[in-house]
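A.B. asks: turn this into a structure:
(chains A and B)
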Amino acid sequence: MTSGARFSGGRAIPYVLLVLILLWTIIPVAWMILSSFKNATDVLSPTPLLAFKPTLVNYIGLVSGGNNALSYFRSSLLASGISTIIATILGCIAGYGLARSNFRGKKHLAFWIISTRMALIAAVILPFFIGFTFLHLINTVWGLVIAYLSFNLEFVIWIMNAFVADLPPGIEEAARVDGASNFQTFWRIALPMTAPGIVTTAILCLVFSWNDYAFAVTFAGPGSQTLPVAASQLITQTGVDWGQLTAIGTVVALPMVVVGLAVRRYLVRGLTLGAVTGE
Amino acid sequence: MSIQPQILEAAKVDGASYMARLRHIVLPSIAGIVIVALLIRSMDALRYFDVIWQATNGGPANVTKIIPLRLYESAFRFFHLGYAAAIGLLMLAVSILIANLFTGILQRRGLLR
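C.D. replies: You can find the predicted model right below:
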């Protein structure tokens, strides 16, 4: 009550903070997009240029010539898409099972699952590399899918575990009394109630693997090079091709922004649906 | 998991301020997921690697050389694989220690039995 009175005086403070955070997050992105439309001299201008003649030369350079970005786009999309789908399906089932079952050593199993995210990437690259060479998975999309699962799967399992643990158990018990099997309870009760969370988790998985660099640069060869690797190749000993780099940066960021915006609407719908089911 | 709007509405009708609703309804209902998110993101922060590797490569004068970069450098540039493995194990021990703090909180809240 006292806190309410104290905060009504400084009502402007949250908005000022919001604007600052917004500027902090948007300016680098906006600058990247602006730079991608500049020609080679404008992009290196020592004074920040806001008025310039826009050009598409950087984007044309991306899709033409020997260093075609479309094949990178394809392998990026395949590797992160397949990895996200597998991680979401397996992770939902495993996370639900972990939250709704009781057995000895459950805590240790959960800890073992999260421990795959503890190892330093540089420390796991070598074992992965030896294993992949043995299985002929170097320079394939499937190798990347498996490598991405190492940080996606336990993420979904743990988040799903937390979501299900927070669900009121009464609804599932009611379903079970009505004769639903284990799988039916999961599929028809728990899954719809956690749907917004699952979608958010899947998006995060997609972003994690879409932006992955360390695994892609070691395991992907010419046949499965992903976009972040292609972007990093524009940073060379002799200089940085800022026009191309910002153009590919925009191309990398755009699909995730579109997916995020498209899913936002679904999220709000999912939330209200969840509320109705929860009654 | 998702907060039901009716509960927030009821609290509002009862005269709870924004901060009171945040403190007594919103935060308790998302506490579990917040702790899990903190756990996962702190693991990510401990193993953070690629952006620093590309942007500064540990420089200037090692001020941005965090442990994962040191590990990578000793393993794949100097080929001191034993030293690198030792760093890896040490970091694993630190991660387990930090993760244990989080799982302890989760257990106390009854979210991980």
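A.B. asks: for the helix or strand hosting A:I203, what is the average pLDDT?
C.D. replies: Using DSSP states H and E, A:I203 sits within helix A:191-210. Model confidence over helix A:191-210, given as mean pLDDT, is 86.
A.B. asks: which helices and strands does it pack with?
C.D. replies: helix A:69-100, helix A:141-166, helix A:242-278 (3 or more C-beta pairs under 8 Å, 6 or more residues apart in numbering or on different chains; DSSP states H and E). Yep, even glycine has a C-beta here, placed from its N, CA and C like the rest.
A.B. asks: just name the most buried of those.
C.D. replies: helix A:141-166 (a mean of 24; mean count of other C-beta atoms under 10 Å in any protein chain shown).
A.B. asks: let me know the angle separating that one from helix A:191-210.
C.D. replies: Computed by axes from the mean of the first three to the mean of the last three C-alpha atoms, to 10 degrees, the angle separating helix A:141-166 from helix A:191-210 equals 140 degrees.
A.B. asks: what's the angle between helix A:141-166 and helix A:69-100?
C.D. replies: Using the same axes, to 10 degrees: helix A:141-166 against helix A:69-100 is 30 degrees.
A.B. asks: how near is B:A85 to chain A?
C.D. replies: 7 Å (C-beta to the nearest C-beta, to the nearest Å).
A.B. asks: that residue: which element?
C.D. replies: helix B:81-108.
A.B. asks: which strands and helices lie in contact with that helix?
C.D. replies: Looks like helix B:81-108 contacts helix A:106-115, helix A:121-134, helix B:27-46, helix B:67-76 (3+ C-beta pairs under 8 Å, 6+ apart).
A.B. asks: centroid residue for chain B?
C.D. replies: The centroid of chain B falls nearest to B:S42 when counting by C-alpha atoms, centre = their mean (2.0 Å).
A.B. asks: who in the stretch 51-200 of chain A is up against chain B?
C.D. replies: A:102, A:106-107, A:110-111, A:114-115, A:117-123, A:126, A:155, A:158-159, A:161-163, A:165-167, A:193-194, A:196-197 (C-beta under 8 Å from any C-beta of the partner chain).
A.B. asks: cutoff 6 Å now
C.D. replies: Contact residues, the stretch 51-200 of chain A versus chain B (C-beta under 6 Å from any C-beta of the partner chain): A:117-118, A:120-123, A:158, A:162-163, A:165-166, A:194, A:196-197.
A.B. asks: so which of the residues you listed comes closest to B:Y72?
C.D. replies: A:A122 (3.8 Å; C-beta to C-beta).
A.B. asks: which residue sits closest to that closest one, ignoring its sequence neighbours?
C.D. replies: B:Y72 (3.8 Å; C-beta to C-beta, 6 or more residues apart in numbering or on different chains).
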